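S.K.: Show me the folded form of this:
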Amino acid sequence: MKTNVGALIGKKAIVESTVDAANGRVRIDGDVRSARAFDETQVLETGQTVTIMDISGATAAVWAEP
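M.R.: You can find the predicted model right below:
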């Protein structure tokens, strides 16, 4: 069983403020967390559902289906 940040990988999150290659915010299970786009070409808009691909420190790297 995965614990802590490892348990977040693969979960869905909702974009709270625009996420790009540098920064943004997502809501994961009710908690708002710093985020960046896993694919640096993506710009993810508020309300979009994304998948958590990685966690680095307190920042989630997220990806949206094209």
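S.K.: Looks to me like residue 46 is in a helix.
M.R.: No: counting by DSSP: H, G, I helix; E, B strand; the rest coil, residue 46 falls outside a helix, being coil.
S.K.: next one: phi and psi at it?
M.R.: Dihedral pair for residue 46: phi -50, psi 130, per degrees, to the nearest 10.
S.K.: can you give me the strands in the protein?
M.R.: With strands called from DSSP state E, the chain shows them at 12-17, 25-28, 31-37, 49-56, 59-63.
S.K.: how about the shortest one: buried residues?
M.R.: I take that to be strand 25-28. Within strand 25-28, the residues scored as buried using 16 or more other C-beta atoms under 10 Å are 25, 26, 28. (Each C-beta comes from the backbone N, C-alpha and C, glycine too.)
S.K.: That one pairs with which strands?
M.R.: According to DSSP bridges, strand 25-28 has the following sheet partners: strand 12-17 (antiparallel), strand 31-37 (antiparallel).
S.K.: Could I get the ones you listed in CSV, plus columns for distance to residue 54?
M.R.: CSV is the format used below for the strands paired with strand 25-28 (distance: least, C-beta to C-beta, whole Å):
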stretch, distance to residue 54
strand 12-17, 12
strand 31-37, 10
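S.K.: To residue 66, which of the ones you listed lies closest?
M.R.: Smallest distance to residue 66 across those (C-beta to C-beta): 12.3 Å, for strand 31-37.
S.K.: buried set for that closest one?
M.R.: Buried, per 16+ other C-beta under 10 Å, within strand 31-37: 33, 35, 36, 37.
S.K.: Thanks a lot, catch you later.
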